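Participant: return a 3D structure for these sequence lines:
(one chain, ligands or ions: 1)
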Amino acid sequence: MDGILMEWGGMLLRWVHIITGIAWIGSSFYFMHIDAALRATPEHPAEKGGEAWEVHGGGFYHVRKYLVAPEALPEELMWHKWEAYSSWISGFFLLVWVYYLSADVYLIDPAIRQISPAMAAVYGMGGLALGWIVYDFLCRSAVAKSDVALATVGFALIIVMAFLFQQVFSARGAFIHTGALMATIMTANVFLVIIPNQRKVIASLLKGEQPNPAYGKTGKQRSTHNNYLTLPVLFLMISGHYPLSYSSPYAYVVVGLVLVAGAVVRYFYNERHSGRGNKWWAWLVAALAIWTAIWISMPQTSGGREIMGLSDLQPVDPIAGLPKSPAKVADVISTRCAMCHAQMPVWPGISTAPKGVRLDHPEFIERYRDEIRMFAGFTRAMPPNNLTGMTDEERALIRAWGKTRTSQAD
Ligand code: HEC
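Facilitator: The predicted structure follows:
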């Protein structure tokens, strides 16, 4: 029963997370686009903030920006903050659900570091908090006087954190934590800087005072950081499904390349929407960065090594002493699954273990017990189209293979 709950819970959380994420990133893109589209008009000149006309869904919209604040506050003010908060909250639960509750499958790789699930969660949460504290410190320091200097140091910070996560977590866990750190920075920017500043502005307006323009400026700086982080964050969030993206020892370099690619693509659109022309070179830079990321991943597969003229992969065997699956189960898995789910798959068209799931040693098989039972015991999701001819008796054997890690009832 618990196995079913884990599976459905994970799916539902992901569903909510994607919806809230779309709402957040959608509104972030929308406001960046408006900002870029604002034009000075005689009625509303640039010093005031400019205005823009839009057409959508059968109506026309007339948007005006008020730098710092309007002279009088309207009665009703629409805030945009819950998109961000609910994205972070759902993402946090998803992280706990997938990575902390199944830490031994997704987060802890004994070949990298043998830690307890509790310790892994401490490293994970600690890393997120530490990354935010350092970033926030940098934004308040002298570095922040120059946007370029701040962006450069922030960029380095994320790469260093990616590197550190790689020292304690599985490759996949390290990538998701790097993405979670960026998303935490983005949400904390909204929660701890942008919204409080906005409230301070409103408070001074209500008192009839002239608000300090620094509040608006800092808010905009953080909001721009958020904008440039959105595309790289999304890449890292889906990376878990694409093992080649994260499995290289230089995965932290891949993080840097993805940051560059995502940021220059955002830059292209920000410039274009502002009417400053098409900076086509941005796409060239993005393509170069992604191509380099692909190149970095190539030595992870036998085929890639061949193209690069490297000798074949050294097999990575499990650490001695890890629990092993029963011999009967291991026999079934090695005849029905391991041709695809191996470090060096032999199935044509499969170049690396699908989803990073290696089933070529009894230790790995034991590690993926819950997943194997879900995909090949209770459902017939694997092997795909039953390509390797798994029998009903074999599926029954998989179902009967002990209790699931989380399940009491079979
Ligand atoms: C013909 C190759 C092939 C064989 C044989 C095969 N798989 Fe897979 N497996 C795949 C592919 C491809 C995917 C990725 C599917 C996708 O993209 O969603 C996958 C994904 C998986 C996943 C991860 C699913 C996820 O989304 O997290 C598990 C677990 C899995 N297989 C278990 C098994 C088991 C157990 C067997 C044997 C009973 C098996 N596979 C046999 C190709 C294979």
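Participant: so the closest residue to L310 other than its chain neighbours: helix, strand or coil?
Facilitator: Closest residue to L310 apart from its sequence neighbours, by C-beta to C-beta, 6 or more residues apart in numbering: P299 at 6.0 Å. (C-beta placed from N, C-alpha, C; glycine too.) The three-state assignment at P299 reads helix, by DSSP: H, G, I helix; E, B strand; the rest coil.
Participant: what's around P299, how many residues?
Facilitator: Counted with other C-beta atoms under 10 Å, residues neighbouring P299 total 17.
Participant: cool, and L397?
Facilitator: For L397, using other C-beta under 10 Å, the count is 16.
Participant: hang on, isn't it packed against V332?
Facilitator: Yes - contact status for L397 versus V332: in contact at 6.2 Å, counting by C-beta atoms under 8 Å.
Participant: K65: neighbour count?
Facilitator: 17.
Participant: quick one, what contacts F378?
Facilitator: Counting by C-beta atoms under 8 Å, 6 or more residues apart in numbering, F378 makes contact with G3, R399.
Participant: may I have the phi/psi pair for it?
Facilitator: Phi and psi for F378, reported as degrees, to the nearest 10, are phi -80, psi -30.
Participant: from E7, how far off is it?
Facilitator: 9 Å (C-beta to C-beta, to the nearest Å).
Participant: and R272, by the same measure?
Facilitator: Taken as C-beta to C-beta, the span from R272 to E7 is 43 Å.
Participant: what comes into contact with the helix or strand hosting R395?
Facilitator: Assigned by DSSP states H and E, R395 belongs to helix 392-400. Applying C-beta under 8 Å, 6+ apart, the external contacts of helix 392-400 come out as K328, V329, V332, R336, I372, R373, A376, G377, F378, R380, D410.
Participant: OK, contacts around the third one?
Facilitator: When contacts are counted by C-beta under 8 Å, 6+ apart, V332 touches M390, E394, L397, I398.
Participant: so which strand or helix has it?
Facilitator: In this assignment (DSSP H and E), V332 forms part of helix 327-336.
Participant: who are the packing partners of whatever helix or strand comes next after that helix?
Facilitator: The helix or strand immediately downstream of helix 327-336 is helix 362-367, counting by DSSP H and E. Where contact means 3 or more C-beta pairs under 8 Å, 6 or more residues apart in numbering; DSSP states H and E, helix 362-367 is packed against helix 327-336.
Participant: if we use 10 Å, what do you get?
Facilitator: helix 103-106, helix 327-336 (3 or more C-beta pairs under 10 Å, 6 or more residues apart in numbering; DSSP states H and E).
Participant: flag every residue of the stretch 301-410 of the chain that's near the ligand.
Facilitator: Within the stretch 301-410 of the chain, the positions adjacent to the ligand are 333, 336-337, 339-341, 347, 350, 354-355, 357, 368, 371-372, 375-376, 382-384, 387-388, 390 by C-beta under 6 Å from any ligand atom.
Participant: before we move on, back to that, taking helix 392-400 as reference, get the angle to the helix holding V332.
Facilitator: Angle, helix 327-336 to helix 392-400, by axes from the mean of the first three to the mean of the last three C-alpha atoms, to 10 degrees: 130 degrees.
Participant: quick one: average pLDDT of the helix holding R395?
Facilitator: On average, the pLDDT along helix 392-400 is 95.
Participant: spatially nearest residue to the residue of the stretch 151-300 of the chain found nearest the ligand (excluding sequence neighbours)?
Facilitator: Nearest to the ligand, among the residues of the stretch 151-300 of the chain, is H241, at 6.9 Å (C-beta to the nearest ligand atom). Nearest non-adjacent residue to H241, counting by C-beta to C-beta, 6+ apart: K355, 6.5 Å away.
Participant: tell me the contacts of the one you found?
Facilitator: K355 makes contacts with R172, G240, H241, Y242, P243, H341, E371, as judged by C-beta atoms under 10 Å, 6 or more residues apart in numbering.
Participant: for the second one, which residues are in contact?
Facilitator: Translated: G240. Going by C-beta under 10 Å, 6+ apart, the list of residues near G240 reads V98, Y99, Y106, R172, G173, F175, I176, G179, Y246, K355, G356.
Participant: make it 6 Å
Facilitator: Neighbour list for G240: R172, I176 [criterion: C-beta atoms under 6 Å, 6 or more residues apart in numbering].
Participant: I'd like the distance between it and T152.
Facilitator: Distance from G240 to T152, by C-beta to C-beta: 28 Å.
Participant: now the fifth one
Facilitator: The spacing between P243 and T152, counted by C-beta to C-beta, is 30 Å.
Participant: my guess is the residue nearest to L310 contacts G309, does it?
Facilitator: No - with contact defined as C-beta atoms under 6 Å, P299 does not reach G309; the gap is 10.7 Å.
Participant: ok, the residue nearest to the spatial centre of the chain to N227 distance?
Facilitator: The chain has M237 as the residue nearest its centroid, 2.5 Å off, counting by C-alpha atoms, centre = their mean. Counting by C-beta to C-beta, the separation of M237 from N227 is 17 Å.
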